[in-house]
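In: would you be able to build a 3D model of this:
(2 chains)
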There are 2 protein chains.
Amino acid sequence: MHSFAALSALFEDRFNKRHFPTLPPNLYDAAQYILKIGGKRVRPVAVLMGNELFSEIDKDDAYEVATAVELFHNFSLIHDDIMDKAPLRRGVPTVHMNYGESTALLSGDVMLVVAYEYLNKIKTDHLHRILTLFNKTAKEVCEGQQLDMDFEKRPSVTLEEYVQMITLKTSVLLAASLQMGAVLGGAGTGNQEHLYEFGKNLGIAFQIQDDYLDCFGDPQKFGKQVGGDILANKKTFLMIHTMEVANSTQLAELQLLLQNNATDKIDRVLQLYRDCKVDEWANQLKEKYYDIAMKHLDDIAVLENRKVELELLARYLLQRES
Amino acid sequence: MHSFAALSALFEDRFNKRHFPTLPPNLYDAAQYILKIGGKRVRPVAVLMGNELFSEIDKDDAYEVATAVELFHNFSLIHDDIMDKAPLRRGVPTVHMNYGESTALLSGDVMLVVAYEYLNKIKTDHLHRILTLFNKTAKEVCEGQQLDMDFEKRPSVTLEEYVQMITLKTSVLLAASLQMGAVLGGAGTGNQEHLYEFGKNLGIAFQIQDDYLDCFGDPQKFGKQVGGDILANKKTFLMIHTMEVANSTQLAELQLLLQNNATDKIDRVLQLYRDCKVDEWANQLKEKYYDIAMKHLDDIAVLENRKVELELLARYLLQRES
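Out: Numbering: from 1, shown residues only, chains lettered A, B, ... in the order given. Presented below is the predicted three-dimensional model:
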């Protein structure tokens, strides 16, 4: 059994190469560019960890699927950045800023195809099952992105709708990554499903934390300015819940703040959040999803000591000390 | 053995249904929208014809691959239309005009994933091989589109470069469609390759004809206004060859016409084409590729009478009476 850090280094070692032909250079340089920006590689490592939970032999197929998952993730980032008109990702220009929208669009397309090339390298006996899971998840990620765009245009969104959107847009890929690793490791369907639910709920908890840290995180540790979501009027867990629990005076102030970009907008929205105790609520909600995730990990029928690295991963992602 | 028309009707009968879930409606309605615009369905029928050339049993897999090919083709149309900022396709608004660029982009993405869902329905024994061919072709189509965009920004393009771009952008999908049908029909690799080359050269001949008809076609029969490529300064077979053979006076006039949109631009460029005899040249070039295609069809080792429908298809696509 390897730690997340160890598998991350092993994956990076294999992944850190050119995945594309050289010609035409515009197209493939744009595709390679985003891969070099880096990232935590959480999803591909989840494939490897899901695999190691059940098997420690014959890992080549797990690396192929892990590579496909990371390429898929980057394909979705390129296209999301076009749709969101995002100028920067991880502090450097996005693909469309560097290569133009058309080439960025096309480099995303070709990256998705190359993801399928990696999937097609695995042995025949798991190919149908892995493709089924991968395709289902890929569709869900597109659905999540569409819902996210739809929600931006709506005056209000329920918490349930937001959880569904976040689940599709971000959590199912982590969940399916773990499950695909488990499939390759020979896990039974019951164990596969528990592992999927572990990943899905962990992903939701992670997103609640992300929304929380954008408001209440230490900018030194968090690495970005506090209040970005507030400035952009994003419907986050905190904003949605505030709208549900605020009294009429608070709601009126919130609506006013959303309509005008007052210079003290961030501070005043944060004060409203505190007044409505959504900071405490968000932490409790994160704990709720974390607990569901851990319950599913508990229910996986393998020796407890095999689960240690996944427990550590969950704590690492959710910044827990115990 | 069925005719193109008969297979086209059989395919349309199966294809004419909703290929997507209902939610989120924006995303999937956009995807379904382009499929309803229609088209000749040449590529999926090519899968069926390639299959029938070698086998007349067990056609379900051929229909799955045919459906995947048609979805892939429509995915590429949606994304190409975004890149080209095209307002219309087949006389109706393009997907991005009707649903916005972001949803169009995403509906293309999800359509590509659904294409892979159809591929994943085929029996295991051909899955690796079909995916290999499909992925290779999908990458090539992206490369062709990138080259097409690159060429637009360049002052000149050689005939060889243009043939390569056209081959990637349009011909390889027809070629691979035939070949995938042949794979499913149990053809040997030699026969597969001849069939692929038949399709590839037929596709190039078809594009030469398309460029020719845009200049010299009967607008009644051709269904669109003559001279669209000239107005858009497109580097077509005719334009590229004219630049290669024109004398210095003709070249100077052509450059002037390209820089200014004179009201008689179309007529004057057409006259230059005639003066340089590129109309005759284009017909000869089309014949050359047609002959290569037919030679490869000849070389396929099946009974001659099995090839009749493919010969008729070639004549139909290239508007030949004999």
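In: residue boundaries of the strands in chain A?
Out: A:88-89, A:92-93 (DSSP state E).
In: residues in contact with the first one?
Out: This points to strand A:88-89. A:34, A:37, A:77, A:81, A:94, A:97 (Cβ atoms under 8 Å, 6 or more residues apart in numbering or on different chains). For glycine as for every other residue, the C-beta is placed from the backbone atoms N, C-alpha and C.
In: any idea which of those residues has the most stuff around it?
Out: A:Ile34 (27 neighbours; other Cβ atoms under 10 Å in any protein chain shown).
In: and the gap between that residue and A:Pro87?
Out: Plainly put, A:Ile34 is 14 Å away from A:Pro87 if you go by Cβ to Cβ, to the nearest Å.
In: what parts of the stretch 201-322 of chain A come near chain B?
Out: For the stretch 201-322 of chain A, the contact set with chain B under Cβ under 8 Å from any Cβ of the partner chain is empty.
In: wait, what's in contact with A:Gln271?
Out: A:Gln271 neighbours (Cβ under 8 Å, 6+ apart): none.
In: mind putting the strands of chain A into CSV with mean pLDDT?
Out: Shown next, in CSV, are the strands of chain A (pLDDT from 0 to 100):
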stretch, mean pLDDT
strand A:88-89, 92
strand A:92-93, 95
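In: can I get those in TSV with mean neighbour count?
Out: Shown next, in TSV, are the strands of chain A (neighbours: other Cβ atoms under 10 Å in any protein chain shown):
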stretch	mean neighbour count
strand A:88-89	14
strand A:92-93	14
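In: follow-up on the earlier one: tell me which of the contacts of strand A:88-89 is nearest to chain B?
Out: Nearest to chain B, judged by Cβ to the nearest Cβ, of the contacts of strand A:88-89 is A:Asp81 at 11.3 Å.
In: once you drop chain neighbours, what's closest to that closest one?
Out: Nearest residue to A:Asp81, sequence neighbours excluded (Cβ to Cβ, 6 or more residues apart in numbering or on different chains): A:Thr94, at 4.2 Å.
In: packing partners for the helix or strand bottoming out on mean pLDDT in chain A?
Out: Lowest by mean pLDDT, DSSP states H and E among the helices and strands of chain A is helix A:219-222, with a mean of 72. The contact analysis (3 or more Cβ pairs under 8 Å, 6 or more residues apart in numbering or on different chains; DSSP states H and E) places helix A:219-222 against no helix or strand.
In: contacts for it next, please.
Out: Outside helix A:219-222, the residues touching it (Cβ under 8 Å, 6+ apart) are A:213-214, A:225-226.
In: what subset of these is buried?
Out: Buried subset of the contacts of helix A:219-222 (neighbour count, 16 or more other Cβ atoms under 10 Å in any protein chain shown): A:213-214, A:226.
In: can you list the domain ranges for chain A.
Out: When chain A is parsed with automatic domain parsing, its domains come out as A:1-164, A:188-306.
In: from those domains, which stretch is densest packed?
Out: Greatest average neighbour count among the domains of chain A goes to domain A:1-164 (a mean of 19), per mean count of other Cβ atoms under 10 Å in any protein chain shown.
In: pLDDT weak spots in chain A?
Out: A:222-224, A:321-322 (pLDDT under 70).
In: one more time with 80, if that's ok
Out: A:57-58, A:219-225, A:320-322 (pLDDT under 80).
In: for it, identify the residue most remote from the centre.
Out: What lies farthest from the middle of chain A is A:Thr249; by Cα atoms, centre = their mean that is 35.8 Å.
In: follow-up on the earlier one: what two of the contacts of strand A:88-89 are the furthest from one another?
Out: Pairwise distances across the contacts of strand A:88-89 (Cβ to Cβ) peak at 13.1 Å, for the pair A:Leu77 and A:Met97.
In: for the residue nearest to A:Asp81, list the residues it contacts.
Out: A:78, A:81-82, A:86-88, A:104.
In: closest one of these to chain B?
Out: Of those, the one sitting nearest to chain B (Cβ to the nearest Cβ) turns out to be A:Ile82, at 6.6 Å.
In: ok, that closest one to A:Met149 distance?
Out: In terms of Cβ to Cβ, A:Ile82 sits 12 Å off from A:Met149.
In: over to A:His241?
Out: 22 Å.
In: from the stretch 201-322 of chain A, which residue is nearest to chain B?
Out: A:Lys235 (15.8 Å).
In: that residue touches A:Leu159, doesn't it?
Out: No. A:Lys235 is beyond contact range of A:Leu159, at 10.2 Å (criterion: Cβ atoms under 8 Å).
In: thinking again about what came up before, to A:Ala314, which of the strands of chain A lies closest?
Out: The nearest among the strands of chain A, by Cβ to Cβ, is strand A:88-89 at 25.7 Å.
In: how much distance is there from the closest one to the middle of the chain?
Out: How far strand A:88-89 lies from its chain's middle: 16 Å, per Cα atoms, centre = their mean, to the nearest Å.
In: same check, this time on stretch A:64-77
Out: 12 Å.
In: run through who's touching it.
Out: A:11, A:14-15, A:19, A:34-35, A:39, A:41, A:43-48, A:89, A:108-109, A:111-112, A:114-116, A:118-119, A:121-122, A:130, A:134, A:138, A:141, A:145, A:173, A:177, A:180-181, A:184.
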